[in-house]
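A.B. asks: Please find the sequence and the predicted model below.
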Amino acid sequence: MRYRFDPELAAALAMSVEVDLTDLGAARAAQAAELAGTVERADHTGVTVEDLLVPGPPGAPDVALRTYRPQGVSGPLPVLCSLHGGGFVIGDLDVDHGDNLRFCRELGVLVVAVDYRLAPEHPYPAALEDCYAALEWVAGRAAADGLRSDRIALWGDSAGAGLAAGLTLLARDRGGPAICFQHLHSPAVDDRQSTPSALRCTDTPVWNRENARIGWDAYLGPGVPGGTDVPPYAAPARAADLTGLPPAYVAVMEHDPLHDEGVDYARALLAAGVPTELHVFPGTFHGAAMVGHAAVVRRMTAEALAVLGDALTR
């Protein structure tokens, strides 16, 4: 199928790396090779980076975190929890390292990236419970570490955005730490794969219907996606009650199998009375943010910084 991509993004497609999850071991190796050296080459000016382990969910291993603390910033710091994408099956702390450095440096906040367990080795709810354990650790350390427990926001991309959306539901229902804002970038929130964009986008760059199917099968278990027993914490589009959730910003790419579920989820949040902003970026595909020089991506980044800055510092 032909797609009308933004010209700058279309020109970059020839140099992009396709994601193929049919061989998961090869996909993980390819991503590791692509990310090799990115941490060392990144601009760490003004940011102190630390890797650490914190207690995991009951009976589970510790959770690896990477914290980004702005240098020379006084006073209690807001916190941004960063959840990487990867279809629930690939990805680690290096995936969003550059973005997390930028968030920390430009917003003057503590960024906490979570290295949650991956499927299929660790299916639902392992990843979500790891994220919840990280959230509890942040809230519990707030006073001692000079953090604002009333200003903890979530940022997630793709599967990470699905985890962020699920985490807000879980924290609400468990009476857990307060989350002040959720930034959902290309959110994966619907396992049913029945929207028009999910059916149409079979050959889109980076992410397509088949990759989404593989990811959901790994996360929920083969044959489970689309069934009747999928909990809303795993697939937030299934939630019957979205009231009382924190304000949201939803960024959606135009030519993306996840387009419609992102739009539908934003509309459902609005219907539940949750202050929500939705932005569909024209001519984009899933993962377009990697083309940092494109004007549409610069607008996307500037908007993310603006809305997160407002939410974290108000």
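C.D. replies: Done, it's in.
A.B. asks: When you work out contacts or count neighbours from here on, use the C-alpha atoms and nothing else.
C.D. replies: Noted.
A.B. asks: got the residue ranges for the helices in this protein?
C.D. replies: All helices of the chain, identified by DSSP state H, fall at 7-12, 24-35, 38-41, 97-107, 126-145, 159-174, 196-200, 209-220, 259-271, 295-313.
A.B. asks: Out of those helices, which gets nearest to residue 232?
C.D. replies: Closest approach to residue 232 among the helices of the chain (CA to CA): helix 159-174, 7.1 Å.
A.B. asks: Next, the angle from the closest one to helix 259-271.
C.D. replies: 30 degrees (axes from the mean of the first three to the mean of the last three CA atoms, to 10 degrees).
A.B. asks: For helix 159-174, could you pull out the residues that count as buried?
C.D. replies: 159-172 (16 or more other CA atoms under 10 Å).
A.B. asks: Run through the neighbouring helices and strands of that helix.
C.D. replies: Applying 3 or more CA pairs under 8 Å, 6 or more residues apart in numbering; DSSP states H and E, one finds that helix 159-174 makes contact with strand 77-83, helix 126-145, strand 147-157, strand 181-185.
A.B. asks: Compute the mean per-residue pLDDT across it, please.
C.D. replies: Mean pLDDT, helix 159-174: 98.
A.B. asks: starting at the chain centroid, how far to that helix?
C.D. replies: The chain centre lies 11 Å from the centre of helix 159-174; the measure is CA atoms, centre = their mean, to the nearest Å.
A.B. asks: Restricting to C-alpha, output it in PDB.
C.D. replies: Taking Å, rounded to 0.1, in the frame of the first residue of the first chain, the C-alpha atoms of helix 159-174 are listed here in PDB:
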ATOM      1  CA  ALA A 159       4.300  -0.600  24.300                       C
ATOM      2  CA  GLY A 160       5.800   1.700  26.900                       C
ATOM      3  CA  ALA A 161       2.900   4.100  26.500                       C
ATOM      4  CA  GLY A 162       0.500   1.100  26.900                       C
ATOM      5  CA  LEU A 163       2.300   0.200  30.100                       C
ATOM      6  CA  ALA A 164       2.100   3.900  31.200                       C
ATOM      7  CA  ALA A 165      -1.700   3.900  30.600                       C
ATOM      8  CA  GLY A 166      -2.100   0.600  32.400                       C
ATOM      9  CA  LEU A 167       0.100   1.900  35.300                       C
ATOM     10  CA  THR A 168      -2.300   4.900  35.800                       C
ATOM     11  CA  LEU A 169      -5.200   2.400  36.100                       C
ATOM     12  CA  LEU A 170      -3.300   0.200  38.500                       C
ATOM     13  CA  ALA A 171      -2.200   3.000  40.700                       C
ATOM     14  CA  ARG A 172      -5.700   4.400  40.800                       C
ATOM     15  CA  ASP A 173      -7.300   1.100  41.700                       C
ATOM     16  CA  ARG A 174      -4.600   0.100  44.300                       C
END
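A.B. asks: Pick out the residue nearest the middle of this protein.
C.D. replies: residue 156 (1.9 Å; CA atoms, centre = their mean).
A.B. asks: so how far is residue 65 from that one?
C.D. replies: Computed as CA to CA, to the nearest Å, the residue 156 to residue 65 distance reads 15 Å.
A.B. asks: same check, this time on residue 259
C.D. replies: For residue 259, the distance to residue 65 - CA to CA - is 30 Å.
A.B. asks: Residue 100 now?
C.D. replies: Residue 100 is 12 Å from residue 65, by CA to CA.
A.B. asks: Tabulate the buried residues of helix 159-174 (JSON lines), appending distance to residue 209.
C.D. replies: Listed next are these as JSON lines, based on distance: CA to CA, whole Å:
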{"residue": "159", "distance to residue 209": "14"}
{"residue": "160", "distance to residue 209": "18"}
{"residue": "161", "distance to residue 209": "18"}
{"residue": "162", "distance to residue 209": "16"}
{"residue": "163", "distance to residue 209": "19"}
{"residue": "164", "distance to residue 209": "22"}
{"residue": "165", "distance to residue 209": "21"}
{"residue": "166", "distance to residue 209": "21"}
{"residue": "167", "distance to residue 209": "24"}
{"residue": "168", "distance to residue 209": "26"}
{"residue": "169", "distance to residue 209": "26"}
{"residue": "170", "distance to residue 209": "27"}
{"residue": "171", "distance to residue 209": "30"}
{"residue": "172", "distance to residue 209": "31"}
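A.B. asks: Which of those residues sits closest to residue 109?
C.D. replies: residue 164 (18.3 Å).
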